[in-house]
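1. Fold the following.
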Amino acid sequence: MRSVVQRVQSASVTVEGKTISEIGPGLLVLLGVGKGDTGTDLDWMVKKVSQLRIFEDEAGKMNRSVLETTKQLIAVSQFTLYGDARKGNRPSFIDAMEPVEAKRMYDEFCERLRALGLTVGTGVFGADMKVALVNDGPVTIVLDSRS
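-> Numbers count the residues shown, from 1 in each chain. Below is the predicted model:
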């Protein structure tokens with residue numbers, strides 16, 4: 001499982017001209033599910049995203065998690081995180097999980113974060129989405145449950 005985690009001042013997801021998720025300060029998480037990902041990968045990603053200390057404390061050091069600060073994020077399914085462009089110029093997505101199972105794991109990721117007390121906005125799985133953000137810092141972290 002892979003994710004790109006961005007600390008944002010604000011973020012939103014729009015589908016067909018309608019804003020479906022919007023937050024102020026928090027996290028924007030682009031989540032990719034790969035072939036072979038299991039519950040262990042899901043457990044790791046939920047824990048890592050929720051406990052990642054990338055928000056500043058009183059001393060200005062990145063020492064607080066989203067759980068300790070804004071408690072809000074938007075999670076967007078992003079199969080293209082498994083794009084492989086090593087050969088040629090057109091990426092291959094054969095390492096991405098099949099859509100039905102990927103959606104199940106994406107939904108479970110969001111539900112587990114909600115169970116921790118976070119407000120979780122979402123995208124629409126498989127839709128053409130417009131994702132807007134104001135990156136704070138900028139702070140952008142790439143996570144991979146297998147490395």
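2. could you point out the longest helix in the chain?
-> Criterion DSSP state H: the longest helix present in the chain is helix 99-115.
3. what residues are up against Asp84?
-> By Cβ atoms under 8 Å, 6 or more residues apart in numbering, the contact set of Asp84 is 91-95. Any C-beta I mention is one placed from the backbone N, CA and C, and that applies to glycine too.
4. ok so, going back, only the buried residues of the next helix or strand after the longest helix of the chain, if you could.
-> For helix 99-115, the following helix or strand on the C-terminal side (DSSP states H and E) is strand 119-122. Across strand 119-122, burial judged by 16 or more other Cβ atoms under 10 Å covers 120-122.
5. which helices and strands sit right next to strand 119-122?
-> Applying 3 or more Cβ pairs under 8 Å, 6 or more residues apart in numbering; DSSP states H and E, we find strand 119-122 packed against strand 18-23, strand 72-77, helix 99-115.
6. With respect to burial, which of those scores highest?
-> Highest mean neighbour count of the helices and strands packed on strand 119-122: strand 72-77, a mean of 24 (counted as mean count of other Cβ atoms under 10 Å).
7. Parallel or antiparallel, which strands does it pair with?
-> Sheet pairing here is set by DSSP bridges, and for strand 72-77 it gives strand 26-32 (parallel), strand 119-122 (parallel).
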